[in-house]
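Trainee: Sharing a sequence plus its predicted fold:
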Amino acid sequence: MKQLNNDEIRDAVRNHYGKTAEGCCGGPVPKDAEACCVADAEAEVVDENACGCGATPSSDISSAQGGCCSGPALSPDKTSKALGYSSDELASLPEGANLGLGCGNPQAIASIKQGETVLDLGSGAGMDCFLAAKTTGARGLVIGVDMTPEMIAKAKLNAEKTGVKNVEFRLGEIENLPVADNNVDVIISNCVINLSPEKWKVYSEAFRVLKPGGRIAVSDIVLTAALPEELQNDLSLYTGCMAGASSLPDIESYLSEAGFGDIRISPKDESREFIREWVPGSKTADYVVSATIEAIKPRA
């Protein structure tokens, strides 16, 4: 069976989320509708031609278009509420910032303080950046990094809508962060690191840019059992935040080798319920689960 290479994975991820940024997710949501956008609400069958952030209701994994959200039946707000975001938080966001992506709520574990510099890995349309900007305040700064030009353009447009001044969006790969050394207090990320084919490098870069005493607080998908080979090499499952997941021992090793201490990885078994909806009919939830990942860069 053909194995995926790093360039092939990056291209697929960039294309998938570029289409998501330009698609209907985050666009006009029909009033009181369950679908994530007008196109889905009007579609008789949600398939690969519909909203890019949903999972195809198919038992055929090879044709599934999985996504980091709860599936086409939920709007972005309903998806995010299920992941732990409050109604007040979601109401404060500019229209289009919430694409219904993610597998947790890193804001809940980041303990962001006023005046801190926050870095969001894979910032998408800016949802977590805008929420972090409110917490860190005018004396703080939030930097969002994303490798998809369409997402960066969408996030910058969202920032212009609100006039927020303490957020920057930078185009770049999370394995090669466009951020200076020892510059960041806290790193957040929501269901993105699993998409990297070089996760050890992501954590190494995170360590480089954090200040001594800085922390990483992310939500991500992790492996709880070895994926069958045919699932490992399914690009749609990779872009859908499942096939690229690492095991807990591997993540602990990446963090430890980068230099982090106080490593805590907490799997959320209840997340299997919404993961099943990403690719209905598949058994991927038997192998992966959402988790919070926390670690500290030592002061000396």
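Mentor: The structure has been received and is ready for your questions.

Trainee: pull the CA atoms of the longest strand along the chain into PDB?
Mentor: Of all the elements of type strand in the chain, the one with the most residues (DSSP state E) is strand 210-223. The C-alpha atoms that make up strand 210-223 are tabulated as PDB, following Å, rounded to 0.1, in the frame of the first residue of the first chain:
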ATOM      1  CA  LEU A 210       8.200  30.200  24.500                       C
ATOM      2  CA  LYS A 211       9.700  32.300  27.200                       C
ATOM      3  CA  PRO A 212      11.300  30.500  30.100                       C
ATOM      4  CA  GLY A 213       8.300  29.500  32.300                       C
ATOM      5  CA  GLY A 214       6.000  29.600  29.300                       C
ATOM      6  CA  ARG A 215       3.400  27.000  28.800                       C
ATOM      7  CA  ILE A 216       1.600  25.000  26.100                       C
ATOM      8  CA  ALA A 217      -2.100  24.300  26.400                       C
ATOM      9  CA  VAL A 218      -3.700  22.600  23.400                       C
ATOM     10  CA  SER A 219      -6.600  20.400  22.400                       C
ATOM     11  CA  ASP A 220      -5.800  17.700  19.900                       C
ATOM     12  CA  ILE A 221      -6.700  14.200  18.700                       C
ATOM     13  CA  VAL A 222      -4.500  11.300  20.100                       C
ATOM     14  CA  LEU A 223      -4.300   7.700  19.300                       C
END
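
Trainee: buried ones in that strand?
Mentor: Under the neighbour-count criterion of 16 or more other C-beta atoms under 10 Å, strand 210-223 has L210, K211, G214, R215, I216, A217, V218, S219, D220, I221, V222, L223 buried. Just so you know, the C-beta spots here come from the backbone N, C-alpha and C atoms, and that holds for glycine as well.

Trainee: Quick check: the gap between the second one and T136.
Mentor: As defined by C-beta to C-beta, to the nearest Å, K211 lies at a distance of 14 Å from T136.

Trainee: follow-up on the earlier one: so which pair among the buried residues of strand 210-223 is furthest apart in space?
Mentor: Using C-beta to C-beta, the pair of the buried residues of strand 210-223 lying farthest apart is K211 and L223, separated by 30.7 Å.

Trainee: where do the helices sit along the stretch 151-300 of the chain?
Mentor: Assigned helices in the stretch 151-300 of the chain, in chain order: 199-209, 229-232, 235-239, 248-258, 272-278 (criterion: DSSP state H, counting those that start in this stretch).

Trainee: The third one - contacts with which helices or strands?
Mentor: Spelled out, that is helix 235-239. With contacts defined as 3 or more C-beta pairs under 8 Å, 6 or more residues apart in numbering; DSSP states H and E, the packing partners of helix 235-239 are helix 6-22.

Trainee: For the helix it packs on, name the packing helices and strands.
Mentor: For helix 6-22, the contact count by 3+ C-beta pairs under 8 Å, 6+ apart identifies helix 149-162, helix 235-239 as packing neighbours.

Trainee: So which helix or strand of this structure has the lowest pLDDT on average?
Mentor: For the chain, the helix or strand with the lowest mean confidence is helix 38-42, at a mean of 45 (criterion: mean pLDDT, DSSP states H and E).

Trainee: next structured bit after that one?
Mentor: Where DSSP states H and E defines the elements, the next helix or strand beyond helix 38-42 is helix 76-82.

Trainee: Can you check which of the helices and strands packed on helix 6-22 gets nearest to E116?
Mentor: Distances from E116 to each of the helices and strands packed on helix 6-22 were compared using C-beta to C-beta; the minimum, 18.7 Å, belongs to helix 149-162.

Trainee: Quick one: residues in contact with the closest one.
Mentor: The set of residues external to helix 149-162 that reach it, using C-beta atoms under 8 Å, 6 or more residues apart in numbering, is 17-22, 26, 94-97, 123-126, 129-130, 144, 146, 167, 169-171.

Trainee: Swap in 7 Å and give it another go.
Mentor: Among residues not part of helix 149-162, those counted as contacts by C-beta atoms under 7 Å, 6 or more residues apart in numbering are 17-18, 21-22, 94, 96-97, 123-126, 144, 146, 167, 169, 171.

Trainee: for the record, mean pLDDT for that helix?
Mentor: Here the mean pLDDT over helix 149-162 is 94, rounded to a whole number.

Trainee: what's the answer for stretch 173-185, then?
Mentor: Per-residue confidence for stretch 173-185 averages out to 98 on the pLDDT scale.

Trainee: Mind exporting the C-alpha coordinates of it to CSV?
Mentor: Written as CSV, here are the backbone C-alpha positions of stretch 173-185 (Å, rounded to 0.1, in the frame of the first residue of the first chain):
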residue,chain,number,x,y,z
GLU,A,173,4.0,26.4,9.0
ILE,A,174,3.8,25.4,12.6
GLU,A,175,7.0,23.3,12.1
ASN,A,176,8.8,26.6,11.2
LEU,A,177,7.2,29.3,13.2
PRO,A,178,7.5,32.9,12.1
VAL,A,179,8.1,34.0,15.7
ALA,A,180,11.2,35.1,17.5
ASP,A,181,12.9,33.1,20.2
ASN,A,182,11.7,33.4,23.9
ASN,A,183,8.8,35.7,22.9
VAL,A,184,5.5,33.9,23.9
ASP,A,185,3.9,33.3,27.3
